[in-house]
Each structure stands twice: as structure tokens, then as C-alpha cells.
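K.L.:
Build me a structure from this.
(one chain, ligands or ions: 2)
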Amino acid sequence: MRGGLKIFTLLLVCVACGVSTYQSGAAKDAEKGDTHTYKAEVGKMLDILINSLYTNRSIFLREIISNASDALDKVRFLYLTKPKSPKNDAGKEPTMDVRILINHDTNELRLIDGGVGMKKSELVANLGSLGASGTKQFWENINESTNAGEELSNLIGQFGVGFYSVFLVADEVRVASKNDEEDKQWMWESKGDGKYYLYEDPRGNTLGRGTELILKLKKDADEYLQEERLKKIIHYYSEFINFPIYIGYSNKEDSEEKDGKYNGYDWELVNVIKPIWTRNPQTVEKGEYVDFYRGFSKGTDEPMYYSHFVAEGGEIDFKAVLYVPSKLPNNAFNVHDDSSYKNMRLYVRRVFITDEFKDLFPRYMNFVQGVVDSDDLPLNVSRELLQENRVLKTIKKQLVRKALGMFLEITKKDDEIWKEIEETNDKELQKKKMAELRYPDFWDEYGKSLRMGLVEDGGNRLRITKLLRYRSSIYPFEYNKLVSLEDYVSRMKENQKHIFFVAGEDIAKLSHLPVVEDAMNQGIEVLYMTEAIDEYVTSSVTDYNGFRLVNLALNMAQPVPSTEQEELLKEKREEKYKPLIEWFGKLLEDLKVRSDKIVLCHRRTARPAIISSPKIGTTANMARINKGQTLGDHGHKTADKIVELNHLNPIMDEIYRRIIVDENDEVARNAALLVFETACLESGFEVEDLQNFSDRVLKVVYQGLDMGTDQAMLEEDLSQYEVESTSDASQKNEL
Ligand code: ADP
Ligand code: MG
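P.N.:
Ligands and ions are numbered 1, 2, ... in the order given. Prediction:
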């Protein structure tokens, strides 16, 4: 499967060896053929593994059991369409399980599975090099994390380098493997020192089919020869492996396994094999769900949330356990390359089919992980055909609904907690309850994904809209309260017609915008949108419950609608101030503001002017985002401006008085330009002519200090510093 990804194929010259007298599987050096070397990175990887994982060595067992389980899954799947019954040299059939054997005399731990096994070329490709994509990701992640231990143990399984963990506990590793497509059983052998041997297994075909790992344990790793220790580790990591795992106990003095028959052993089943999703949710403990999650995500984190669905009696029966990971998985969105990220395991009647269907969830919901099992899907068709199956399509659709329902459930639980918080005055209790809130973390981690969903998944738009959360002007920032559109609408003022929002870089900036000040003065709540995608999303979600979402940064936005009388007043007022508006139009012509974009301000603000945006055009926020996205300075649109003049502001009034007397009044011109430019900055726009703007501001500073503006630079008297002159300046520089 991953073999195709390996970029590195070793030149292989192998001397096959037919001697079969070595029952243990070990061959004399001369019989092992040539030495092969790993790719350099593998050696480096081994060093890192061995050094930094030393305290967490027991993960090797998790890794090799999970490989065995994968190999068994593959057989089950392959045999659905092409059943076979292979036998070993002694005529015995392999079993669909994992067997662990301990040899105290030789210090060897052995693990035998009846899985697909590996062909000779696969032993090279799979154990002799690392998956290219896996390696790259692995290094990127290691370089980022300094706290290597725990992190590494999580990464190992995720990036397909699990097998190498055997060298944490073993000095020497042999892997015998038999695949149905080849007659011979092969042996791979390495001391984890960058070299390996590959030769025909001198014992012949002992496995029939499958893989046997023989680990010669390091002196200080003999704890893994104790059954109790092994059982504990299996319970911890591999409880929910879907195949039986047995430990063999010798019941005779001379227990020995001959010809692949395990004579003289008693077998103890270690794991529970009833899959968790087939059980009644009422009977499954939280800890079991967490363990199960850890098992298949190969991590140690607890999930943020989970849900177990049993959809029965409807059109289609299926069972699913879905998890929200505590963090957005590293490579969740690399679905188009060969990324090793696998979020969902698909079973049909408890038979594992695949974890490679990347589209069980739409892209934006790829962070959800879990299993789904259905009795209504056909077992004996290829994965390609299955992917096209109508029932599967219905299941996909339902899975998305279920997942969205699960997110909504988190918000409902949080609502309950908020009720309790708001009902009490006990600060301590409030604090405690706030710590129980789950959705803020969810929204932090996955809010961006869901917003993508609004754009991509039209069919579920309303469902996703219910999950949107924002901060708003009525809650202080520290309060950590997220507001839904539903909350907003329920608090709207009687004469309020729209849902108002502003979009920008951060809440501190947004909350000081003049347009927000105006709305708040009139008792109107304002939603703050701070993600780059937010404003874009409002073109997909244009309204909620019949209320339009209106950006206050637009000139037409009016927090409180005007009465008829006010409309009449407006007309008269515009008549009176026409000279001011026309004068401003001429003044700003050079600054890329069209003269028809100057209007009187209808907002309640103390500012002399506000800059807003036309309904169709680029807002300041959009221009800022576009600029961040385009490389270089070309091609991004500058924001469109509308200048709103506030005739009730004394400065504006003074400008008006002056220019009706003399339209060339220099003081008025300068003041007007400064008013315009500061308004630009304050409303989140750029100032086009920064140089002149600075000159104008400095002029005002001189005036404020009662100084002339034509001051020359000062001459400095150096003697006041008493520094001796030195002839050897270059030497000083060097020091
Ligand atoms: P991963 O399991 O993530 O692919 P590993 O390093 O654990 O990475 O294993 C590398 C590959 O070696 C596997 O993908 C599989 O092809 C092969 N392999 C390992 N163990 C077994 C096994 N017991 N039976 C068959 N193939 C195996
Ligand atoms: Mg593995």
C-alpha cells in the first residue's frame, strides 16, 4: 500500500540460502547474503527514537500489534473476493490472530500474526526505508517541538515509522514473512545499526501466511519478558484491536514449537474483541471511548468530545463513533497528496474495509475522526465500486448531519452552564463553571473549518449557521462570552431591522471604531468578526431568521432607521451644506476620492468625519486581507472610500464658516486634509500620501508649541561631551 510511495529503493543483491537447520531462524553470517544499508535518514531517525523515547519504550508493542492488526485486516479484505487457504510446510493453516511468545532462555520476545505478510520486495520497501511523505512531515514536526518525548511517541504511529520503535527494546530484530503471492518465506534481519540482511528463511515456510517478529531484547529491557507487564501494556494501548491477541504459556518442561505447531502451549486471550461501536452506548464507559480513541488515533490525548450513534430502523442502518480531537490534526487538510492522515475507518458488518476514503466527510469537516460500520453495504465489491455505492452516499450525508448535531450538542451544554453562571453572584463558582465551557475551545480550533463549510456546503448552511459564534460589543473581552446569531436576534431592539457587525484585525481595534461608538450610543449590539474569512462568509450567509447581516462599515448602514421627519430634515440639511460637500470633493480629488463620495454623516459621533465604504466595493478590512495575500504590491485593490462629514462637530463647523467666506482659506484646507487623513486611519484605511500627512502633522505640532514652522536644525557643540578624539577608529569598530 505505502510501498508505492517509497522513493528510495535499495539495490538489492541477495544470496538466497536453502539451509534449514536453524530452528530459531538465525542464520550464520555467511548465509545472510550481502549487507544492505538504510537510507541515511533512517539511521538518524533511529538515533532520535532511541534517545528521546527511552522512558516511553513500551509503545513498541502498540506499534507492532497495530501493524499485525492492519495485516490481518488486509487478509480479511482480500479474501472477501478471492478466498484462499494457504498452509505451511507442515500442512497447518494460519490463524486470524496475534500470538505472543516469550523465551526466557534466549531473551526473545516473538509476535506472530496470520496477516498478509510481506513479499521480498515489500520487506525492502517497508522496512528498509521510510515513506517519503511521512519522513518529511515527521522532521517538520520534530523541529517544531522541543519537548520531544511525549510528542514523539504520538508522532511515530501517525507518520508511518512505527516499525522502527522495536529498536527501543531490541538489540537485534528478525522479521520472517510469508505472502500468498510468493512461495518462499523471507527473513529480514538487523541490529538497528543502519545495516540489514535479507535472505530466505532457513526454516522454510513455517508461517503459511503472515509475519513473525523475533526481538532479541536488550539487557535492560527484560521487563518485556514478563507476561503481566505485557498484558498491562496491551490493555493500555491495544484493548480494542479487532482480532484476538494471545499470550502463550509453556505447559511442559520441553515446550517447543515444531513445524509451526505450538505444541505444549496454553493460550490466554488478552484483549476484549467486541468492537465498541457494536455495543449499546448506555453500557460503554467514558474511559472506554477514550481508550478506543487513543488506540486508533495512536495518540495519548483525550478527545475534546465524542458521540456514539446507532442509526437503526431508518432507511439505512449504521453505527458510528465520532470524535472531535483536542487539537486540529496536523495534516487534516492535506487530503489531496499522499498524506498519512486517516480520519475515518469504514467497516462493513464488522469487517474493516478501508481508512482511505478521504471523502467520508467533506473537506471542511476532516478534523472529525472515528469509525462507521454498516450492515447495508455490500462486502464483496472493490473499494472503487463501494465508493460509488448509493447507500454509502446516504451514509456520508447522514454522518455530516450527525457530526453537526454533535457540535450543536456542545453548544447546548454550554448554554446550560451559562445559565448557571448568570444566576449566581458567587465569583468562585462562576470561575469554576467557566472552566467547564467546551465550545470556546471547539470554536477556537475548528471555527475556521466550519466557516469554510458555510461557503462549500450549501445544503447544510442553516445547520452550520446555528454554530457560528462571535464576540460582541455588549460583553467585555475578558468575559469570554461567545454570541450566536440566535442570541443576538433575541436581544434586538424593537425598531432594529438588521444584525450589525464590523470586521477587522482584532477586537481592540474594532471596539474603538467610530461606527461602533455610534451604534453603541444608540443601544445597538455589534458583532465583532476578526477572522480573515468572516467578512467573506457574510456573502454566503446574508441573513438569519429574516434579519439581514449588515456591515456597519458600509455607508448605508443605519443602526436605527430614520423617521419620515428625519428624512425631510436630511434633505434640507444637505441643501444647506452643499458648498461644504462640493468644496471637500474638489480638495480630495487628488487623493483618489471621487467627489460624489462625500456625504453628510448620519451617525452619532463626536468625530469631525468618518470614512465608510460603498455597498459595492472593497472595504478597508477586505483591502487589508487582500494585501496580506498577494505577493508583492501588485494586483491588490485599494479600499473604496465614502467620506461622511459631521456638521455638528465644531471643527467641521469652523471649516464650513471659513470656506463660504474664502474657498482658498489655507488654514481650512490644511485642517480639512488632516481631518480626512486621521479619519482614514481611525476607520482602518490607509493614508495614501504619508509624506504630506506627516508634514502636516508636524506643522500642527510646531503651532501647538507656539513656534514658527521654518525652524532650521540645531548645530551641536561636541566639546560638551568631553570625548577624546582617537586616530584609530577602525580598531574600536571591531570591538
Ligand atoms: P505504518 O504501519 O504506519 O505503515 P510501520 O513502520 O509501522 O508504518 O510499518 C511499515 C510498513 O511495513 C507497513 O505499512 C506494512 O506495509 C509493513 N508491515 C509492518 N509490519 C507488518 C506486518 N506484521 N505484516 C505485514 N506488513 C507489515
Ligand atoms: Mg504501523
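K.L.:
The stretch 1-150 of the chain against ligand 1: which residues are in contact?
P.N.:
Residues of the stretch 1-150 of the chain lying close to ligand 1 (CB under 6 Å from any ligand atom) are 2, 63, 67-68, 71, 113, 115-118, 126-127. Every C-beta, even on glycine, is put in place using the N, C-alpha and C of the backbone.
K.L.:
Give me the subset of these lying in helices.
P.N.:
Of the positions in these, 63, 67-68, 71, 126-127 sit in helices, assigned by DSSP state H.
K.L.:
So the most centrally placed residue in the chain versus Gly453, what's the distance?
P.N.:
Geometric centre of the chain, nearest residue: Leu328, 2.8 Å, by CA atoms, centre = their mean. For Leu328, the distance to Gly453 equals 14 Å [CB to CB, to the nearest Å].
K.L.:
Just name the shakiest helix or strand of the protein by mean pLDDT.
P.N.:
Ranked by mean pLDDT, DSSP states H and E, the weakest helix or strand in the chain is helix 132-144, scoring a mean of 47.
K.L.:
Name the residue of the stretch 601-735 of the chain that lies nearest to ligand 2.
P.N.:
Among all residues of the stretch 601-735 of the chain, Gln629 sits closest to ligand 2, at 38.7 Å; criterion: CB to the ion.
K.L.:
do the stretch 451-600 of the chain as well
P.N.:
Scanning the stretch 451-600 of the chain for proximity to ligand 2 using CB to the ion identifies Met452 as nearest, at 31.1 Å.
K.L.:
Would you verify that that residue is located in a helix?
P.N.:
Yes - under DSSP: H, G, I helix; E, B strand; the rest coil, Met452 sits within a helix.
K.L.:
I'd like to know how many residues surround the residue lying closest to it once chain neighbours are set aside.
P.N.:
Distance criterion CB to CB, 6 or more residues apart in numbering; nearest residue to Met452, sequence neighbours excluded, is Tyr364 at 4.1 Å. As a burial measure, Tyr364 scores 21 neighbours (other CB atoms under 10 Å).
K.L.:
again with Asp426
P.N.:
There are 11 residues near Asp426, going by other CB under 10 Å.
K.L.:
now do Leu569
P.N.:
By the criterion of other CB under 10 Å, Leu569 has 12 neighbours.
K.L.:
Same check on Pro275?
P.N.:
A count of nearby residues for Pro275, using other CB under 10 Å, gives 18.
K.L.:
Just the pLDDT for whichever residue of the stretch 201-350 of the chain sits closest to ligand 2.
P.N.:
Proximity of the stretch 201-350 of the chain to ligand 2 (CB to the ion) peaks at Lys298, 8.3 Å away. The model reports Lys298 with a pLDDT of 73.
K.L.:
ok, it touching Asn67?
P.N.:
No - using CB atoms under 8 Å, Lys298 is not in contact with Asn67, being 11.4 Å away.
K.L.:
what do those two both touch?
P.N.:
Among the neighbours of Lys298, those also in contact with Asn67 (CB atoms under 8 Å, 6 or more residues apart in numbering) are Gly162.
K.L.:
From Pro440, how far off is the residue of the stretch 451-600 of the chain closest to ligand 2?
P.N.:
Taking CB to CB, one finds Met452 at 20 Å from Pro440.
K.L.:
the more surrounded of the two?
P.N.:
Using other CB under 10 Å, the more surrounded residue of Met452 and Pro440 is Met452, with 18 against 15.
K.L.:
what sits against that one?
P.N.:
Contacts for Met452 (CB under 8 Å, 6+ apart) come out as 363-364, 533.
K.L.:
nearest spatial neighbour of Gln387, skipping sequence neighbours?
P.N.:
Distances taken as CB to CB, 6+ apart put Phe357 closest to Gln387, at 6.5 Å, once the chain neighbours are dropped.
K.L.:
Break this protein into its domains for me.
P.N.:
Domain ranges of the chain: 2-21+40-269, 275-463, 470-553, 564-704, per automatic domain parsing.
K.L.:
Quick check: the residue of the stretch 601-735 of the chain nearest ligand 1.
P.N.:
Residue of the stretch 601-735 of the chain nearest ligand 1, by CB to the nearest ligand atom: Gln629 (35.5 Å).
K.L.:
If we ignore the residues flanking it in sequence, what's nearest the residue of the chain found nearest ligand 2?
P.N.:
Closest to ligand 2 within the chain is Gly162: 3.4 Å, counting by CB to the ion. Excluding the flanking residues, the one nearest Gly162 by CB to CB, 6+ apart is Glu63, at 3.6 Å.
K.L.:
What's the per-residue pLDDT of that neighbour here?
P.N.:
We have a pLDDT of 83 for Glu63.
K.L.:
before we move on, the earlier item: next one, pLDDT for the residue nearest to the centre of the chain please.
P.N.:
Looking at Leu328, its pLDDT reads 88.
K.L.:
just Ser20 next, same as before
P.N.:
For Ser20, the pLDDT comes out at 25.
K.L.:
close enough to count as contact, the residue of the chain closest to ligand 2 and Leu61?
P.N.:
No - using CB under 8 Å as the test, Gly162 is too far from Leu61 to be in contact (10.8 Å).
K.L.:
What helix or strand is the residue in the stretch 201-350 of the chain positioned nearest to ligand 1 located in?
P.N.:
As assessed by CB to the nearest ligand atom, ligand 1 sits closest to Thr211 within the stretch 201-350 of the chain, at 3.8 Å. Following DSSP states H and E, one finds Thr211 within strand 210-217.
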